[in-house]
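Chemist: Build me a model:
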Amino acid sequence: MLKNVRRTHRCGELRAEHIGQQVVLQGWAQSVRDFGGVAFVVLRDRYGLAQVTVDERCAPSVKDELGLVRSEYVVEVTGEVVARANPNPNLPTGAIEILASGIKVLNKTEPLPFTAETALQAQEETRLKWRFLDLRRPTLQRHLVIRHKASQAVRRYLDGEDFIEVETPILNKSTPEGARDYLVPSRVHPGQWYALPQSPQIFKQILMVAGMDRYFQIVKCFRDEDLRADRQPEFTQIDIEISFPTEDTVMEVAEGVLRAMFTEIRGLTIDEIPRITYAEAIDRYGIDSPDTRFGMHLKTLTDLVVGSASTVISGGLANGGVCRGMNVKGHAEAASNKVLNGYTEFVKRYGMGGLLWGKVGAEGLTGSLAKLLSADEAAAVVSALGGEAGDLLLVGVGAPSAVNPGLGRLRAQLGRDLSLHQHEFSFCWVKDFPAFDWDKDSQRWVAMHHPFTSPKPEDIALLGTDRAGEIRASAYDLVCNGYEIAGGSIRIHDSAVQSKVFSALGIEAEEAEERFGFLLSALRCGAPPHGGIAFGFDRSVMLLAGTENIRDVIAFPKTTKAQDMMAGSPSPVDPAQLAELHVKNLG
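Modeler: As a prediction, the model looks like this:
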């Protein structure tokens with residue numbers, strides 16, 4: 001511990017071996033209980049709890065001092081460590097107590113909306129408004145310690161592999177890459193704007209051109225997009241870039257980062273991580289971030305029902321539609337109409353028109369599937385899904401872009417709701433993504449990842465042809481428990497290939513120079529082959545901490561409406577400030 005401080009010990013570190021020592025503790029009074037002849041104060045700091053006792057062994061003045069203490073006051077206690085009369089085996093300090101010889105109130109507190117003990121009884125919005133009180137909770141303090149230890153483990157590992165941490169600009173040029181930019185007006189250059197970085201993508205590529213060879217950064221990024229439990233408008237990435245790599249090189253480094261974090265925090269040994277293609281992920285799980293902690297794979301049933309007389313099924317199969325399903329083993333009896341209606345509403349969020357279901361019983365199939373299918377079709381579907389008495393079959397029919405994510409997300413939700421997980425953590429790599437995705441609204445191809453991702457070498461020849469949809473990207477995602485925790489790619493290092501990719505995306509040469517000219521200039525100056533990956537650090541810590549809400553692992557998070565309830569941001573600013581920035585409010 002540091003020298004020249006008044007406190008001699010932390011509240012949570014005292015044990016039986018400290019009995020007989022004189023100590024000074026400082027912290028918050030978590031509780032104060034006075035039983036007349038004996039009184040107790042439970043003192044708390046981020047290291048734990050210690051019980052302070054005042055009884056007939058203490059001077060009368062100490063009892064008077066105790067009378068000034070209230071819940072959550074900041075207090076200093078001087079006293080002797082003694083054996084506790086009634087040890088508490090559930091408390092690390094439960095074998096001892098502090099017999100007080102002096103109690104000093106260092107600061108009082110006003111009446112509080114909640115305390116560290118009652119915080120979870122308050123609404124989350126209230127807790128976020130009073131975040132400095134919420135952060136007194138041991139659980140949140142533990143999460144921030146996990147975050148700290150994880151970042152240190154990452155830095156140690158990457159430093160040992162010759163990576164250099166380099167800071168890149170926060171005030172940057174707007175180069176739209178998918179999500180909306182957060183924009184900052186320039187006072188010095190009226191009418192011109194900076195953008196906050198969605199990622200350091202272009203700068204880390206330029207660092208490779210500059211010869212830095214191995215770069216990393218634990219960096220803040222910003223995206224103005226719709227939020228959810230595992231997403232924030234400002235978030236932290238572990239950003240990594242390497243010169244002269246193969247895909248295997250980047251994956252090896254990423255697995256090293258992953259193992260550094262999970263070994264440090266969870267003591268977990270991570271075996272070889274399986275690799276599946278994007279096509280395999282969609283086929284088995286419906287989504288490209290699969291939860292592989294359990295089976296219940298999707299099955300394609302299209303060929304079995306293609307001649308169905310049902311207009312529901314034939315209509316769903318029109319124009320390239322598919323029929324796919326899964327078997328929720330043994331769940332037929334528990335699946336009430338209310339439950340099934342909930343499943344139906346769930347898949348509608350992903351564009352499905354509805355959900356077909358069937359319960360397998362001793363006398364065959366019942367439910368909407370049985371009503372729409374012929375006896376032969378029903379028997380074929382039950383067989384294909386491995387249906388047995390007591391099983392619930394869930395089937396979707398329609399466009400693959402709706403059926404796959406609808407059933408895939410429902411599968412993941414069922415895994416959580418029905419406790420189907422067979423492991424605490426399960427990892428996989430998903431690779432060989434399509435390079436381009438067709439955007440129906442703009443009627444053009446868009447980059448599946450970002451426009452700097454290299455096509456597979458064997459697919460580069462397809463650029464400029466009408467087979468853009470067949471081009472695969474040298475891209476890879478690392479998935480844990482159904483969350484994408486890292487994603488990256490081999491980048492384009494040849495300016496001619498980069499120009500062809502821009503052309504495929506409908507970005508003409510003049511626009512490309514305007515938006516990305518400094519990167520294109522760098523690529524023309526001897527850019528080495530390079531690639532990298534970025535971890536979602538907040539999401540990784542969320543998994544390490546065992547929570548499903550990313551706000552639990554960020555000290556000062558924002559709500560799903562991108563508001564900081566504590567600081568009151570965003571907020572209006574003085575009109576004079578706007579005038580100085582040459583900006584006017586239209587709202």
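Chemist: which stretch of helix or strand covers Asn404?
Modeler: Taking DSSP states H and E as the criterion, Asn404 maps to helix 400-417.
Chemist: Can I get that helix as CSV, trimmed to CA atoms?
Modeler: What follows is helix 400-417, C-alpha atoms only, in CSV (Å, rounded to 0.1, in the frame of the first residue of the first chain):
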residue,chain,number,x,y,z
PRO,A,400,-34.5,-16.5,-46.7
SER,A,401,-33.7,-12.9,-45.6
ALA,A,402,-36.6,-13.2,-43.1
VAL,A,403,-36.8,-16.9,-42.3
ASN,A,404,-33.1,-17.4,-41.5
PRO,A,405,-32.8,-14.5,-38.9
GLY,A,406,-36.3,-15.1,-37.6
LEU,A,407,-35.7,-18.7,-36.7
GLY,A,408,-32.1,-18.1,-35.9
ARG,A,409,-32.8,-15.5,-33.3
LEU,A,410,-35.8,-17.5,-31.9
ARG,A,411,-33.4,-20.5,-31.5
ALA,A,412,-31.0,-18.3,-29.5
GLN,A,413,-33.8,-17.0,-27.4
LEU,A,414,-35.1,-20.5,-26.7
GLY,A,415,-31.6,-21.5,-25.7
ARG,A,416,-31.7,-18.9,-23.0
ASP,A,417,-35.3,-19.4,-21.9
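Chemist: Partner strands of whichever helix or strand comes after it and their direction?
Modeler: Towards the C-terminus, the helix or strand next in line after helix 400-417, according to DSSP H and E, is strand 427-431. Strand partners for strand 427-431, identified by DSSP bridges, are recorded as strand 275-277 (parallel), strand 475-480 (antiparallel).
Chemist: Run through the strands of the stretch 51-200 of the chain in chain order.
Modeler: With DSSP state E, counting those that start in this stretch as the definition, the stretch 51-200 of the chain shows strands at residue ranges 74-83, 96-107, 164-165, 183-185, 193-195.
Chemist: what comes up buried for stretch 328-335?
Modeler: Taking 16 or more other C-beta atoms under 10 Å as the basis for neighbour counts, the residues of stretch 328-335 that come out buried are Val328, Lys329, His331, Ala332, Ala335. In short, each C-beta sits where N, CA and C put it, glycine included.
Chemist: circling back: and the helix holding Asn404, what does it pack against?
Modeler: Using 3 or more C-beta pairs under 8 Å, 6 or more residues apart in numbering; DSSP states H and E as the contact test, the elements touching helix 400-417 are helix 278-285, strand 322-328, helix 337-348, strand 392-398.
Chemist: Go ahead and name everything in contact with it.
Modeler: Contact partners of helix 400-417, identified using C-beta atoms under 8 Å, 6 or more residues apart in numbering, comprise 282, 285-287, 290-291, 293-294, 296, 298, 320-326, 328, 343, 346-353, 355, 394, 396-397, 420-421, 482.
Chemist: for stretch 565-583, same thing?
Modeler: Contact with stretch 565-583 is made by 125, 128-132, 185-187, 190-191, 556, 559, 562-563, 584-585, as judged by C-beta under 8 Å, 6+ apart.
Chemist: Could you pick out which of these are located in helices?
Modeler: Glu125, Leu128, Lys129, Arg131, Phe132 (DSSP state H).
Chemist: Look up phi and psi at Ile460.
Modeler: Per-residue torsions, Ile460: phi -60, psi -30 (degrees, to the nearest 10).
Chemist: Settle this for me: it is touching Val497, isn't it.
Modeler: Yes: contact status for Ile460 versus Val497: in contact at 6.3 Å, counting by C-beta atoms under 8 Å.
Chemist: mean confidence for the longest helix along the chain?
Modeler: The single longest helix within the chain, with elements called by DSSP H, is helix 138-160. When pLDDT is averaged over helix 138-160, the result is 98.
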